[in-house]
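# my questions concern the predicted model and sequence given below.
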Amino acid sequence: MTVTLSEFAQLIIASIDLLLQILENVANLLVYSSVNSSANLNFSNVWGVAYGGLVSVYWLGQVLQEVLDATKYNTSALKNFSLAINYLGSNATVVFGDMDATSGIAYIQKGVYDRLVANSTELNNLALSLSKMLKAQVELLVKLMEAVNKTFT
C-alpha cells in the first residue's frame, strides 16, 4: 500500500484535530460535572489529581536522573549513549531534513503545511477545534482557580 504525502498529512491533521477535540471534551466534562448536581464534582479533588500527577512526574524524573548519573560510570552504557548521539548527529539531515524540506521530519511538516494551505476546510476545522479547546481550557482554569482557597487552606 502506497501512501502519498498528502494522505499522510491528512491523517496527521485529523489526529491533531481529534486530540484538540478530546482535550476540549475533557475540560467541558470536568466543568459540567462541577455544576451538575447529580455529578457533584469537587474541584479540590481535581487539584488532588493534579498533585498526584506532579508527584508521579517528580519521581519519574528522579529515576531518569539516577539512570543518567549511572550512565557516566557504566562504560558500555556511556559508549551506547555516545554512539546514539553520534549516529543521530551524522544523520541529522536524514532525520530532521533540510531547510528546503526535501527529506526527514521537515518534509512531513511541509506536507502538513501545504495540505492546510491548499484545503481551507481542513484549516478552518482545525482552527475551530483549537479555539473551542482553548475556550474550554480557560473555563476549566477559572473553575480550578475558584477552588484554590478552599483547596489550599
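Received the coordinates, thanks. Residues are numbered from 1 along each chain as shown.

# tell me who's in contact with residue 78.
Taking C-beta atoms under 8 Å, 6 or more residues apart in numbering, we find residue 78 in contact with 71-72. For every residue, glycine as well, the C-beta is placed using N, CA and C.

# alpha carbons of the strand or helix carrying it, in CSV - could you do that?
According to DSSP states H and E, residue 78 maps onto helix 75-90. The C-alpha trace of helix 75-90 is given here as CSV (Å, rounded to 0.1, in the frame of the first residue of the first chain):
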residue,chain,number,x,y,z
THR,A,75,31.4,2.1,30.2
SER,A,76,29.0,0.1,28.0
ALA,A,77,26.1,2.5,28.6
LEU,A,78,28.2,5.6,28.1
LYS,A,79,29.5,4.1,24.8
ASN,A,80,26.0,3.3,23.6
PHE,A,81,24.8,6.8,24.6
SER,A,82,27.7,8.4,22.6
LEU,A,83,27.0,6.1,19.6
ALA,A,84,23.4,7.1,19.6
ILE,A,85,24.2,10.9,19.7
ASN,A,86,26.9,10.4,17.0
TYR,A,87,24.6,8.4,14.8
LEU,A,88,21.8,10.9,15.1
GLY,A,89,24.1,13.8,14.5
SER,A,90,25.7,12.2,11.5
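
# next one: it to chain centre, how far?
27 Å (C-alpha atoms, centre = their mean, to the nearest Å).

# any idea which helix or strand comes after that helix?
The helix or strand immediately downstream of helix 75-90 is helix 92-96, counting by DSSP H and E.

# just how off-centre is that next one within its chain?
Distance, stretch centre to chain centre, for helix 92-96: 22 Å (C-alpha atoms, centre = their mean).

# quick one: contacts of that helix?
Under C-beta under 8 Å, 6+ apart, the answer for helix 92-96 is 88, 103-106.

# please redo it, this time with the cut-off set to 6 Å
By C-beta atoms under 6 Å, 6 or more residues apart in numbering, the residues outside helix 92-96 that reach it are 104-105.

# check stretch 118-131 too.
Here stretch 118-131 has contacts from 13, 17, 20-21, 116, using C-beta under 6 Å, 6+ apart.

# the residues you listed, buried ones only, as a ChimeraX selection?
Under the burial definition 16 or more other C-beta atoms under 10 Å, those of the contacts of stretch 118-131 that qualify are selected in ChimeraX by:
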select :13,17,20,116
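
# what is the mean pLDDT for the helix holding residue 78?
Mean pLDDT, helix 75-90: 98.
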